[in-house]
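>>> Quick one: sequence plus predicted model below, questions after.
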Amino acid sequence: MNAPARLMPRDRQLLADKAMRAAVTARLKAGKDLASPVCIYSICEAYGVRVRFNDINMEGMYQRSSPPRIHLSSKRPLVRRNYNCAHELGHHVLGHGSSIDELRENQSVRPWDVPEEYSADTFAAYTLMPTLGIRNAFAVRGLSPAKATPIEIFRIACQFGVGYSTLVTHLLWGEKMIGRSRAEALRKSTPQSLRKEILGSPSKQPLIVADENWGETSIDIEVGHLIFLPAGTIAHGSALRFVADVNSGRLFEAIRPGLARLDRPGGAWATYARAARTDYTGLAEFRHLEDDEDE
């Protein structure tokens, strides 16, 4: 089978423009502004698309049916699932047919060379990482993409629910806020090295970092994840347990599904953490339900 012809720059730009407009429309349809981080599953709900997590070995699948459905792999990391869901929703919003997206590392053809895949990727990027939101996230922290440290960029990636390398790629190709040499330098940092630098020791547990500039968006985590919060933060409820005060911050671990209110006594900062089951399978809207203690 012959590989598809590479997209020409003009064709790529036309597809990108259409996908970016669709991302704006999708956020507005769900009642979201054009800057804040969003829960992609709430946007799917606005379109009547059912999202289910399954024990499958793929990135995701879009099923154009009645109702339309998105199937995501529960095996993929949480931030990857967010992006995969936005990608599959892109297929729906852009009028594509049903599709199956295999694991990225197993794909023989680059997604950017397939028009529908490139469009869905662009939709996903601008839905999750809108231009106004990314610029504001750097500005309120007094940062610039050209000079921010890997840890500072990782904090912003956490805020928008995407992976560190996903944000670096978007800053390079989508927003054009950094150049290739800067992107290559940033990619030398990995989630493992960033966790070690933030926590002061190696850790295999996924880590979410939130600071005072996080805003009102809930923090999505899974049981077994670590969450690094501003010093003095108190977690209310049984979903999180305090681990330690580390490097001018406070470390918690998600130990059970459910909600935890987070605040700092005497301060204005407050938000919620939503902990889901590890390797949860089922409909997305039920992922944070607390365990029944009578079972």
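On my side now, so go ahead. Numbers count the residues shown, from 1 in each chain.
>>> Every contact and neighbour count from this point should use C-alpha atoms.
Will do.
>>> Longest helix of this structure, counting residues only.
Counting residues, the longest helix found in the chain (DSSP state H) is helix 9-29.
>>> Show me what it is packed against.
Judged by 3 or more Cα pairs under 8 Å, 6 or more residues apart in numbering; DSSP states H and E, helix 9-29 is in contact with helix 40-46, helix 78-93, helix 115-128.
>>> what pLDDT, on average, does that helix get?
Regarding helix 9-29, the rounded mean pLDDT is 94.
>>> got the buried residues for that helix?
Arg12, Leu15, Ala16, Ala19, Met20, Ala22, Ala23, Val24, Thr25, Ala26, Arg27 (16 or more other Cα atoms under 10 Å).
>>> Compute the distance between the nearest residue to Gly232 once chain neighbours are set aside and Lys18, please.
Leaving aside its sequence neighbours, Gly232 sits nearest to Arg264 (Cα to Cα, 6 or more residues apart in numbering; 5.8 Å). In this view, Arg264 and Lys18 are 43 Å apart by Cα to Cα, to the nearest Å.
>>> Next: Ser144.
Applying Cα to Cα to Ser144 and Lys18 gives a distance of 28 Å.
>>> Ok, Asn57 next?
Distance from Asn57 to Lys18, counting by Cα to Cα: 30 Å.
>>> so what strands line up beside the lowest-mean-pLDDT helix or strand in the chain?
Sorted by mean pLDDT, DSSP states H and E, the helices and strands of the chain end with strand 99-101, the least confident at a mean of 90. Sheet partners assigned to strand 99-101 using DSSP bridges are listed as strand 60-63 (antiparallel).
>>> May I have the helix or strand that the strand it pairs with is followed by as PDB, with CA atoms only?
Where DSSP states H and E defines the elements, the next helix or strand beyond strand 60-63 is strand 69-73. Output in PDB follows, covering the C-alpha atoms of strand 69-73 (Å, rounded to 0.1, in the frame of the first residue of the first chain):
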ATOM      1  CA  ARG A  69     -19.300   7.600  20.800                       C
ATOM      2  CA  ILE A  70     -15.600   7.900  21.700                       C
ATOM      3  CA  HIS A  71     -13.700   5.000  23.100                       C
ATOM      4  CA  LEU A  72     -10.400   5.700  25.000                       C
ATOM      5  CA  SER A  73      -7.800   3.300  26.300                       C
END
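>>> residues of strand 69-73 that come out buried?
Arg69, Ile70, His71, Leu72, Ser73.
>>> Correct me if wrong: Leu283 contacts Val49.
No: between Leu283 and Val49 there is no contact, the gap being 11.0 Å when judged by Cα atoms under 8 Å.
>>> These two: which has the busier surroundings?
The neighbour comparison of Leu283 against Val49 (other Cα atoms under 10 Å) goes to Val49, with 22 against 14.
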